[in-house]
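quick one, what's the 3D model for this:
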Amino acid sequence: MDKLNRRAVLKAGGVVGAAGAVALVAPSTPWTWSPAGSVPGVGGGADPRGVWDVEADPVVAGLLERGEVPKVNELLRNWTKNGQPLPQGLPTELRDFMEQARQLPDWADQQKLADAVRFNQKRGTYLGVIYGFASGMMSTVIPREARAVYYSQGGADMKDRITKTAKLGYDIGSLNAYQPDGEMVVTCVKTRLAHAAVRYLLPRSAHWVNSAPEEIPISQADIMVTWHSLPTTVMRNFKRWNVPIAADESAGFLHSWQLSAHLLGVRDEYIPASWATAESQAQQVLDPILAPTPEGIKLADMLLDLGMNLDLTLLSRPILGALTRFMLGDKIGDWLQMPTEPVWTPLLETAWGPYVTVREGLLDLGTPKEAYWLIDEFLRQFVLLYMSELRMPINITIPVGNNPQYK
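Now for the predicted structure:
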């Protein structure tokens, strides 16, 4: 059967209903995660692999079909702060959607968000590295995400794509992420609109159609897979490194990411209520699906060129590859065809654990100070690179086409 046209699906049913959509996806394994483990503790239990964004998708499809996206992107260029009014001139249906989409849910907890700020202040250095290498590089072995990125407009300019992705991690870690003068709500709403456009556009790419088993990209399950590659992966690494975390700060960090999922359009019944239920969901939706793809290998190759043409000596390709292999393990390193680096690989394996222990103020193990300096300097240069990009205004836009190299 030919790949389904996203607009045809919308016309056929008005919206994509969960029951009918599950039949379209025909997942090979059943969805067993219970909504009892979600934020509301209840839900219909529909397989999220067959659920998309019934609010955003028809609105964005209409914008694309009427040729209104360039005008909308220009109007939204200076809409950057959570509390900022929407610009005048937006199509009515878009304005109505965005006004609803920008609202925090009634379960938002300001005290937990304050606790998240303390968590981010204490762990910001680790978070930057995990987001960049454990999470960022993991995206290249998430098959659906790798194909969607590679064949969509984002695949044509990976530096721009990386910077926009980094903005989400930067915004959620800021002191005022969800406050009126913060930017996380805006970032999530704009990303939600971009996702809706990709769902409309990618089924029109012959290259994506011929490589992807699904008919429609970026399902609710796909968003949660990416979600787990971020906060769940952070907590897994912190546990592996024996980083001590206060219970209230751990809960606050989770809450900040729960809100991000909600604002990205994920149904509350799919958002884990605790780290335990997040882990159980990740074991079903993330861990089993990791695999290499030709598209993912090419994306990883692009990402390893991150430090090229920059005066940042510790961001060379071999060092970035060694850190990726250290963060994600040899299996994924082999999938991505990353060679074992003879200096940095053993250094990270032997010095990272003691480095974290000493940095946490728990113990002085007598590890040579040169090893600590190298790791600290790498982290400093990595943060410098991303912050230099993030100092410039980053505008998340609604795409109007796919990767032009793969029409």
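
who are the contact partners of Ala196?
With contact set as Cβ atoms under 8 Å, 6 or more residues apart in numbering, Ala196 has these partners: 53, 56-57, 59-61, 398. Where C-beta positions appear, they are placed from N, C-alpha and C, glycine not excepted.

now do 6 Å
Remark: with contacts taken as Cβ atoms under 6 Å, 6 or more residues apart in numbering, Ala196 is in contact with 53, 56-57, 60.

which of the residues you listed has the most neighbours?
Each of the contacts of Ala196 was scored by neighbour count (other Cβ atoms under 10 Å); the top score is that of Val60, with 27 neighbours.

please name the nearest non-neighbouring residue to that residue.
Of all residues not flanking Val60 in the chain, Ala196 sits nearest, at 3.8 Å (Cβ to Cβ, 6 or more residues apart in numbering).

look up the pLDDT of Arg161 for me, please.
Looking at Arg161, its pLDDT is 71.

now the one 5 residues further on
In the prediction, the pLDDT value recorded for Ala166 is 75.

same question, the one 4 residues further on
Among the per-residue scores, Tyr170 shows a pLDDT of 81.

and it, how far is that from Leu264?
Computed as Cβ to Cβ, to the nearest Å, the Tyr170 to Leu264 distance reads 16 Å.

which of the contacts of Ala196 fall within helices?
Mapping the contacts of Ala196 onto helices (DSSP state H) picks out 56-57, 60.

wait, isn't Pro143 in contact with Thr293?
Yes - counting by Cβ atoms under 6 Å, a contact exists between Pro143 and Thr293, whose distance comes to 5.0 Å.

common neighbours of these two, please.
If you check Pro143 and Thr293 against Cβ under 6 Å, 6+ apart, no residue is contacted by both.

check which helix or strand the residue nearest to Val60 maps to.
helix 184-201 (DSSP states H and E).

export that helix to PDB, keeping only CA atoms.
Extracted as PDB, the C-alpha positions of helix 184-201 are listed here (Å, rounded to 0.1, in the frame of the first residue of the first chain):
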ATOM      1  CA  MET A 184      10.700  27.700  27.400                       C
ATOM      2  CA  VAL A 185       6.900  27.900  26.700                       C
ATOM      3  CA  VAL A 186       7.600  29.800  23.400                       C
ATOM      4  CA  THR A 187      10.300  27.300  22.400                       C
ATOM      5  CA  CYS A 188       7.900  24.400  23.000                       C
ATOM      6  CA  VAL A 189       5.000  25.900  21.200                       C
ATOM      7  CA  LYS A 190       7.100  26.800  18.200                       C
ATOM      8  CA  THR A 191       8.600  23.300  18.200                       C
ATOM      9  CA  ARG A 192       5.100  21.900  18.300                       C
ATOM     10  CA  LEU A 193       4.200  23.800  15.200                       C
ATOM     11  CA  ALA A 194       7.400  22.700  13.400                       C
ATOM     12  CA  HIS A 195       6.600  19.100  14.300                       C
ATOM     13  CA  ALA A 196       3.100  19.400  12.800                       C
ATOM     14  CA  ALA A 197       4.700  20.800   9.600                       C
ATOM     15  CA  VAL A 198       7.100  17.900   9.400                       C
ATOM     16  CA  ARG A 199       4.200  15.500   9.800                       C
ATOM     17  CA  TYR A 200       2.500  17.100   6.800                       C
ATOM     18  CA  LEU A 201       5.700  17.400   4.600                       C
END
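
what separates it from the chain centre, distance-wise?
Going by Cα atoms, centre = their mean, to the nearest Å, the spacing between the C-alpha centre of helix 184-201 and its chain's C-alpha centre is 12 Å.

now do stretch 31-50
On the basis of Cα atoms, centre = their mean, stretch 31-50 sits 21 Å off its chain's mean C-alpha point.

export the host helix or strand of Pro346 as PDB, just CAs?
For Pro346, the enclosing helix or strand under DSSP H and E is helix 344-359. C-alpha atoms of helix 344-359 as PDB (Å, rounded to 0.1, in the frame of the first residue of the first chain):
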ATOM      1  CA  TRP A 344      41.000  10.000  25.500                       C
ATOM      2  CA  THR A 345      39.100   6.700  25.600                       C
ATOM      3  CA  PRO A 346      41.300   5.300  28.500                       C
ATOM      4  CA  LEU A 347      41.400   8.700  30.100                       C
ATOM      5  CA  LEU A 348      37.700   9.000  30.300                       C
ATOM      6  CA  GLU A 349      37.300   5.400  31.500                       C
ATOM      7  CA  THR A 350      39.700   5.800  34.300                       C
ATOM      8  CA  ALA A 351      39.400   9.500  35.300                       C
ATOM      9  CA  TRP A 352      35.700  10.400  34.800                       C
ATOM     10  CA  GLY A 353      34.400   8.600  37.900                       C
ATOM     11  CA  PRO A 354      37.000  10.100  40.200                       C
ATOM     12  CA  TYR A 355      36.600  13.400  38.600                       C
ATOM     13  CA  VAL A 356      32.900  13.400  39.300                       C
ATOM     14  CA  THR A 357      33.500  12.200  42.900                       C
ATOM     15  CA  VAL A 358      36.000  15.000  43.600                       C
ATOM     16  CA  ARG A 359      33.900  17.600  41.800                       C
END
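
now that helix: average pLDDT?
Model confidence over helix 344-359, given as mean pLDDT, is 73.

just checking, what packs against it?
For helix 344-359, the contact count by 3 or more Cβ pairs under 6 Å, 6 or more residues apart in numbering; DSSP states H and E identifies helix 317-328, helix 369-390 as packing neighbours.

hey, least reliable of the ones you listed by pLDDT?
Averaging pLDDT over each of the helices and strands packed on helix 344-359 singles out helix 369-390 as the lowest, with a mean of 53.

re earlier: looking at the contacts of Ala196, spot the one nearest Thr187.
Closest to Thr187 out of the contacts of Ala196 is Ala56 (14.9 Å), distances taken as Cβ to Cβ.

isn't the closest one right up against Thr191?
No - counting by Cβ under 6 Å, no contact exists between Ala56 and Thr191, whose distance comes to 10.4 Å.

residues touching the very next helix or strand once past the helix holding Ala196, excluding its own?
Heading C-terminal from helix 184-201, the first helix or strand you meet, by DSSP H and E, is helix 206-211. Helix 206-211 is contacted from outside by 3, 147, 151, 202, 406, using Cβ under 6 Å, 6+ apart.

please redo it, this time with the cut-off set to 10 Å
Taking Cβ atoms under 10 Å, 6 or more residues apart in numbering as the criterion, the residues outside helix 206-211 that touch it are 2-4, 143, 146-148, 150-152, 155, 198, 201-203, 205, 214-215, 217, 293-295, 402-403, 405-407.
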